[in-house]
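Asker: No letters, just coordinates:
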């Protein structure tokens, strides 16, 4: 039995973090945790309950008071073969991927009380090891002691095109220009926010996948994983 490690994958929006994280977790028989989905679920909750105003501002005080009423969890769909996100018992996997949620998730993730609640939950999920977790602050805040860390990036236009095609496949009506604007605005917000901004951990392996296929990324990550596990087993 190989030693189980924790793997942190951070990076910009629409970089394919979740795609690689899911594939690696499946290959290793690890638990996959999509922290972005957790923040998206929180943003959806805020939209549904009026904590995000028409002008885009957030009722931070109101949202903080309601946090104890929010339950976010994941369930594996054996028929479809992937994990789905549930918000207070309701399957919201499709709803949280909408452009409307994407336009507000960065502001919600900047609310300190929201981050405290979700980071605490994420840390608890990884206590036993054998976790692949992706997000914005995994290697720097959530799992600073993760045995292996990656930081993914790509050209913003390439990321927008990928995201646009994904949304179209889901039946979401939008334009490439709208998606590119969303990608750029999220990059700006994520890297400059006051609470736990997006940045590369000093010991993270950088992957620029602008010109890489999913298979090439997967093979590279798996090679790093096997090397790390092998080195730890040699030490032990």
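Answerer: Thanks, I have the structure now. Fair warning: this is a prediction, and the values are worked out from it, not measured in the lab. Numbers count the residues shown, from 1 in each chain.
Asker: from here on, contacts and neighbour counts on C-alpha atoms
Answerer: Fine.
Asker: worst-scoring helix or strand of this structure, pLDDT-wise?
Answerer: Least confident element among the helices and strands of the chain, by mean pLDDT, DSSP states H and E: strand 72-77 (a mean of 87).
Asker: How far away from the center of its chain is the helix or strand just after that one?
Answerer: The element immediately downstream of strand 72-77 (helix or strand, assigned by DSSP states H and E) is strand 82-87. Here strand 82-87 shows a centroid-to-chain-centroid distance of 13 Å under the convention CA atoms, centre = their mean, to the nearest Å.
Asker: Please give the centre-to-centre distance between the next helix or strand after strand 82-87 and its chain.
Answerer: Following strand 82-87 in sequence order, the next helix or strand is strand 90-91 (DSSP H and E). Relative to its parent chain, strand 90-91 has a centroid offset of 19 Å by CA atoms, centre = their mean.
Asker: mind listing what strand 90-91 pairs with, with the direction of each?
Answerer: strand 82-87 (antiparallel) (DSSP bridges).
Asker: buried residues in the partner strand?
Answerer: Across strand 82-87, burial judged by 16 or more other CA atoms under 10 Å covers 83, 84, 85, 86, 87.
Asker: Columns distance to residue 194 on top of these, output as CSV?
Answerer: As requested, those are exported to CSV (distance: CA to CA, whole Å):
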residue, distance to residue 194
83, 31
84, 30
85, 27
86, 28
87, 26
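Asker: one step back: what comes up buried for the least confident helix or strand of the chain?
Answerer: Within strand 72-77, the residues that count as buried by 16+ other CA under 10 Å are 72, 73, 74.
Asker: which residues in the protein form helices?
Answerer: 17-28, 35-48, 60-66, 99-109, 112-125, 156-169, 176-192, 214-235 (DSSP state H).
Asker: Can you give the strand pairings for the least confident helix or strand of the chain, parallel or anti for each?
Answerer: Here, using DSSP bridges, strand 72-77 pairs with strand 82-87 (antiparallel).
Asker: So what touches the strand it pairs with?
Answerer: 37-38, 41, 45, 70-77, 91-93 (CA atoms under 8 Å, 6 or more residues apart in numbering).
Asker: try 6 Å this time
Answerer: Applying CA atoms under 6 Å, 6 or more residues apart in numbering, the external contacts of strand 82-87 come out as 71, 72, 73, 74, 75, 76, 77, 91, 92, 93.
Asker: pLDDT wise, what is the first one at?
Answerer: Listed pLDDT for residue 71 reads 95.
Asker: give me phi/psi at it?
Answerer: Main-chain torsions, residue 71, degrees, to the nearest 10: phi -120, psi 120.
Asker: Please report the distance of the residue lying closest to it once chain neighbours are set aside from residue 124.
Answerer: Leaving out its chain neighbours, the residue that sits closest to residue 71 by CA to CA, 6 or more residues apart in numbering is residue 88, at 4.9 Å. Using CA to CA, to the nearest Å, residue 88 is found at 19 Å from residue 124.
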